[in-house]
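A.B. asks: quick one, structure for this:
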Amino acid sequence: MPEFAEIVREHQSMVFSLAYHALQDRAAAEDLTQDVFLSLHENLHRLEGPGHVKPWLARVASNRSIDEIRKRKYRRGPSLEQVPEPRARGDNSDMLLSRQLRRTVATLPAAARMMIILRFQEELELSEISKVLEIPVQTVKSRLHRSVNLLREKMLRRQGAAAKEMKQA
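C.D. replies: Presented below is the predicted three-dimensional model:
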């Protein structure tokens, strides 16, 4: 098993990214990240080997993020565009669409938001999400499908409302 400090260096950006994108609050994400690694330190002897560290960290970070969202009712909280993303990927050619998507993801229920973040932000495979959340792959598929459909419906409603406003103006 690697040294604890080495594990922290290797995985802290992943844990912070999960928390940050779920909570949309840098300070809360930092606190949650610290709590996750404190928990790891306390439970490190229980892990079976080095291969179990990343899934364990992702699972604990995901579950604690969902708990924090529910506790603070972040569904109507600050939007993602208020703070820069810590892990930028690629060129966002349509900034308006990107901003609308981030706003819409922020309105999803906690579990659906986490599914979207794990799959599309963290780019985890379905089997990896299954390990992280400790649920069967088929359950991941169905929950992800429902989450994407919910996101699509919300985006379409937003676009319809925007088009209606444009006609009235």
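A.B. asks: contacts only, for Ile129.
C.D. replies: Met115, Leu118, Arg119, Val140, Leu144 (Cβ atoms under 8 Å, 6 or more residues apart in numbering). For glycine as for every other residue, the C-beta is placed from the backbone atoms N, C-alpha and C.
A.B. asks: and which of these is nearest Ala5?
C.D. replies: Taking Cβ to Cβ as the measure, Ala5 lies nearest Leu118 of the contacts of Ile129, at 26.1 Å.
A.B. asks: got the contact list for the closest one?
C.D. replies: Going by Cβ under 8 Å, 6+ apart, Leu118 touches Leu18, Ala58, Ser62, Leu124, Ile129, Val132, Leu133.
A.B. asks: run the last query once more with 6 Å
C.D. replies: Going by Cβ atoms under 6 Å, 6 or more residues apart in numbering, Leu118 touches Leu124, Ile129.
A.B. asks: local confidence estimate at Ala112?
C.D. replies: For Ala112, the pLDDT comes out at 91.
A.B. asks: same question, the one 3 residues further on
C.D. replies: The pLDDT attached to Met115 in the predicted structure is 92.
A.B. asks: neighbours of Ala29, how many?
C.D. replies: Neighbour count of Ala29, defined by other Cβ atoms under 10 Å: 24.
A.B. asks: ditto for the one 10 residues further on
C.D. replies: Burial measure for Ser39: 15 neighbouring residues, criterion other Cβ under 10 Å.
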